[in-house]
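**Q** Just need the structure, nothing else, for what follows:
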Amino acid sequence: MNLEEIENLVSMLKEARISELTVSADGTTVRLKKPLSPAAVKKQPVSETPKATEPETANRPEPAADFLTAPMVGIFHSIDSVGARGNSVRAGQVVGVIESMKLMNDVIADRDGIIAEVLVEDGMPVEYGQNLFRLTSNE
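**A** Okay, here's the model as predicted:
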């Protein structure tokens, strides 16, 4: 990876709504970070109890069966008419999109359910496998 390519990555990171970028090429790994903007920090969910008082089991992620997760890294965009709390979703239904490398990729429900909780806000960066929606059964 040459200096021009690294400068292009820095420029892309400055313009993107993400705070971290890691790229590996030609045996070189470049990891770039920038501080979150005050608005992005404000949007992050805050735990109701301090982590120091939580038992060890509370740090484990909840079973994936109750959540719709991000299929890729990118910027999440909600579909207001579908991905709202209390709405019913069917397997195969598009519930949001993730913007990655200027392309929009559908987030598709893998099962039927009711959206009990929306875990990310529109415009927030998401990681692969991150929980986006908590579902309850239709029963």
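
**Q** neighbours around Met124, how many?
**A** Using other CB atoms under 10 Å, Met124 is surrounded by 19 other residues. Every C-beta, even on glycine, is put in place using the N, C-alpha and C of the backbone.

**Q** Same check on Leu9?
**A** 16.

**Q** and whatever helix or strand it lives in, which residues are buried?
**A** Using DSSP states H and E, Leu9 sits within helix 3-15. Residues of helix 3-15 classed as buried by neighbour count (16 or more other CB atoms under 10 Å): Leu9.

**Q** That one: what's the following helix or strand?
**A** Criterion used, DSSP H and E; the element after helix 3-15 is strand 20-25.

**Q** I would like the residues contacting that following strand, please.
**A** Residues from elsewhere that reach strand 20-25 (CB atoms under 8 Å, 6 or more residues apart in numbering): 1, 5, 9, 12-13, 29-34.

**Q** helices or strands up against the next helix or strand after that strand?
**A** Per DSSP H and E, the first helix or strand lying C-terminal to strand 20-25 is strand 28-33. Where contact means 3 or more CB pairs under 8 Å, 6 or more residues apart in numbering; DSSP states H and E, strand 28-33 is packed against helix 3-15, strand 20-25.

**Q** would you turn these into a markdown table with distance to Val97 and mean pLDDT?
**A** Output for the helices and strands packed on strand 28-33, formatted as a markdown table (distance: least, CB to CB, whole Å; pLDDT from 0 to 100):
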| stretch | distance to Val97 | mean pLDDT |
| --- | --- | --- |
| helix 3-15 | 20 | 77 |
| strand 20-25 | 21 | 76 |
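
**Q** Need these in CSV (columns: distance to Arg111).
**A** Formatted as CSV, those follow (distance: least, CB to CB, whole Å):
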stretch, distance to Arg111
helix 3-15, 36
strand 20-25, 31
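
**Q** can I get the contacts of strand 20-25 in CSV with distance to Asn131?
**A** Putting the contacts of strand 20-25 into CSV (distance: CB to CB, whole Å) gives the following:
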residue, distance to Asn131
Met1, 33
Glu5, 34
Leu9, 28
Met12, 27
Leu13, 25
Thr29, 27
Val30, 29
Arg31, 24
Leu32, 26
Lys33, 23
Lys34, 24
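
**Q** Having no further points to raise, I will conclude here.
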